[in-house]
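Asker: Need the 3D shape of this:
(one chain, ligands or ions: 1)
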Amino acid sequence: MSEGTFKVGTRGSQLAMTQTGYAADAVGAAAGMTPELITVRTEGDVLTGPLSQMGGTGVFATALRARLLDRDVDLAVHSLKDLPTAAVPGLVIAALPEREDPRDALCARDGLTLDELPQGAAVGTGSPRRVAQLRALRPDLKIVDIRGNVGTRLNRVAPGDLDAVVLAASGLKRLGLEGRVTEYMDPERMLPAPGQGALALEVSSELAEDSPLARGLAAVDDLPTRLAVSAERAVLARLEAGCAAPVGTYGRMVDGDLHLDVVVANPDGTEVMRRSEATDELSVEAAKALGVRIADELLADGADRLARLTL
Ligand SMILES: NCc1[nH]cc(CCC(=O)O)c1CC(=O)O
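Answerer: Numbering: from 1, shown residues only. From the prediction side, this is the model:
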């Protein structure tokens, strides 16, 4: 790391560049340093198969992490939901900035909401979690497996193609595309992916704690976000499920307590298992214990079979 600058690894998609830019600028301002963005092509950007078949293996993260371990870059910015739950020796998530809107968003033609879509309407998503919850709400819909970046997916909403797509609200907002949202999915009806809307700022565990970069990272870390996503990701780890599993979670602070909602559902829409609990103990350990407790209750009810189902 040369004096006054730090290198930040990012995927090359417009969303990745945008969110990395925000995060790097915030860290730089707090550290009194200037970020230099370095684009890294990842397996997830190159492969074209269905996302549901390669989820959970960190296809988006592995190349960025290799650059961190090689000390080619000082900081990697990941979408937390694309990051496998297993810790990587030599790396540490140094900061989780305040989370953007965690909800899923429906982007439909003609301003339609989910309930207003006509019988048999075609809705695009590549996520088994979204498919399971969509089918449970609207068994008549024709679900179409899509992938690609945000713009590509939005463009599928067109006459003769799809009536709607479901995307993360966070990505749309970061790209200034919230005008395309026709319904923000209430978490009461559709639970987001663990970590959705949060960014993980990862560094080498050898980064000196008293360095300006480490201080900049500490300044952008947000405790409520860390508690919420720690609980959410503990569920995923306990269920031994990846980011492509039909598992939805929503952790958040309510009146000073940490609340966690979890759903595990069959992608065919026929079975939905849902639980909610809270804790008034506000530590990362207690947050993880909350996630593990709910996961264990769901496992006792047979959720392991569902958690391993993909499309
Ligand atoms: N799996 C793709 C992915 N990974 C991160 C985001 C952006 C949302 C986020 O910040 O979690 C998206 C797009 C989407 O799900 O619509």
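
Asker: Just give the closest residue to Pro139, not the sequence neighbours.
Answerer: The shortest distance from Pro139 to any non-neighbouring residue, by Cβ to Cβ, 6 or more residues apart in numbering, is to Gly269 (5.7 Å). To be clear about C-beta, it is placed using only N, CA and C from the backbone, and glycine gets the same treatment.

Asker: doesn't Arg135 make contact with that neighbour?
Answerer: Yes - using Cβ atoms under 8 Å, Gly269 makes contact with Arg135 at a distance of 2.5 Å.

Asker: how deep is Glu98 tucked in, by neighbour count?
Answerer: Glu98 is flanked by 14 other residues according to other Cβ atoms under 10 Å.

Asker: Is it in a helix, a strand, or coil?
Answerer: Three-state assignment for Glu98 (DSSP: H, G, I helix; E, B strand; the rest coil): coil.

Asker: what are the ranges of the strands in the stretch 51-200 of the chain?
Answerer: With DSSP state E, counting those that start in this stretch, the ranges of strands along the stretch 51-200 of the chain come out as 75-79, 91-95, 104-108, 122-124, 142-144, 164-168, 183-184, 199-204.

Asker: circling back: and the residue nearest to Pro139, how many neighbours?
Answerer: 19.

Asker: That one: what's it in contact with?
Answerer: 131-132, 134-136, 139 (Cβ atoms under 8 Å, 6 or more residues apart in numbering).

Asker: so where's the stretch 1-150 of the chain uncertain?
Answerer: Where the stretch 1-150 of the chain drops to pLDDT under 70, the residues are 1-2, 43-57.

Asker: 90 instead, please
Answerer: Within the stretch 1-150 of the chain, the stretches with pLDDT under 90 are 1-3, 41-61.

Asker: How about it: which residue is closest to the ligand?
Answerer: Ser79 (3.4 Å; Cβ to the nearest ligand atom).

Asker: Which residues of the protein lie near the ligand?
Answerer: 79, 81-82, 167-168, 170-171, 196-197 (Cβ under 6 Å from any ligand atom).

Asker: In TSV, list those residues along with distance to Asn149.
Answerer: Output for those, formatted as TSV (distance: Cβ to Cβ, whole Å):
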residue	distance to Asn149
Ser79	12
Lys81	15
Asp82	13
Leu167	10
Ala168	12
Ser170	14
Gly171	9
Gln196	16
Gly197	17
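
Asker: Return the members of those classed as buried.
Answerer: 79, 81-82, 167-168, 170-171, 196-197 (16 or more other Cβ atoms under 10 Å).

Asker: which one of the residues of the chain next to the ligand sits closest to Thr182?
Answerer: Closest approach to Thr182 among the residues of the chain next to the ligand (Cβ to Cβ): Leu167, at 11.4 Å.

Asker: Point out where the stretch 201-311 of the chain drops to low pLDDT.
Answerer: 240-245, 269, 302-311.

Asker: can you pull out the strands in it?
Answerer: Under DSSP E, counting those that start in this stretch, the stretch 201-311 of the chain gives strands at 247-254, 257-265, 272-279.

Asker: Hmm, Asp140 and Gln119 touching each other?
Answerer: Yes - using Cβ under 8 Å, Gln119 makes contact with Asp140 at a distance of 5.2 Å.
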